[in-house]
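S.K.: Pasting the sequence and the predicted coordinates here, then a few questions.
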Amino acid sequence: MGERTCRRIHKAPSGGLGLSRIFWDSNLFIYLFEDNGEMSERVVQLRSQMLKRNDDLLTSTFTLGEILVKPIENGLHSLRRKYEDVLQSMSTLVPLDREAAAIYAAIRQDRTIKSPDAIQLACAAQARTDLFITNDGHLQGKVVPGIHFIVPLRNALI
């Protein structure tokens, strides 16, 4: 299997705080790095708007693990490094630390939220996120202290 390329989208040049702290779920990065047609284009448009507004892009170290699955599985070491570098250069990686672990435990009290989603929501909440964007529509409308809004990609307006 040949190596995939990723779109060239970088962190805003000012390096300052953006207007909003926007957390992307893993699936948005997968759409960005792989050709998923309309979904990929939507993510590129969203990131372009974020750069214009100087928003901060956040994601978790769990996302990093998720996007590395295929490159590692297929022995694509240079693609693995590229994904790591791109993710680190364009976003702030939020770890699942002790505070996030406690938030995770509280979120998991709602058994309709699966563990991977709860990890992402916990990291986003710990980072005090304005907008959490996912393609998991079942998360829309969930209330998580520390996250102002949870929206599916198709409804994400910034």
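M.R.: Good, I have the coordinates.
S.K.: Now do the contacts for Leu131.
M.R.: Shown in contact with Leu131 (CB atoms under 8 Å, 6 or more residues apart in numbering): 20-23, 148-149, 151, 156, 158. (Each C-beta comes from the backbone N, C-alpha and C, glycine too.)
S.K.: in the sheet, who's paired with the residue nearest the centre of the chain?
M.R.: Note on the chain: the residue nearest the mean C-alpha position is Trp24, at 2.4 Å, using CA atoms, centre = their mean. Counting by DSSP bridges, Trp24 is bridged to Ile133.
S.K.: returning to what we had before: can you tell me which of the contacts of Leu131 is nearest Phe62?
M.R.: Phe23 (11.5 Å; CB to CB).
S.K.: burial of that closest one, as a residue count?
M.R.: 29 (other CB atoms under 10 Å).
S.K.: And the pLDDT at it?
M.R.: Phe23 is assigned a predicted lDDT (pLDDT) of 98.
S.K.: those helices in the protein, which residues are they?
M.R.: 26-33, 38-53, 61-73, 77-90, 98-107, 115-126 (DSSP state H).
S.K.: how about the ones you listed in JSON lines, adding distance to Thr134, mean pLDDT and mean neighbour count?
M.R.: Conversion of these to JSON lines gives the following (distance: least, CB to CB, whole Å; pLDDT from 0 to 100; neighbours: other CB atoms under 10 Å):
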{"stretch": "helix 26-33", "distance to Thr134": "7", "mean pLDDT": "94", "mean neighbour count": "22"}
{"stretch": "helix 38-53", "distance to Thr134": "12", "mean pLDDT": "93", "mean neighbour count": "16"}
{"stretch": "helix 61-73", "distance to Thr134": "11", "mean pLDDT": "96", "mean neighbour count": "17"}
{"stretch": "helix 77-90", "distance to Thr134": "17", "mean pLDDT": "95", "mean neighbour count": "16"}
{"stretch": "helix 98-107", "distance to Thr134": "14", "mean pLDDT": "97", "mean neighbour count": "16"}
{"stretch": "helix 115-126", "distance to Thr134": "7", "mean pLDDT": "98", "mean neighbour count": "23"}
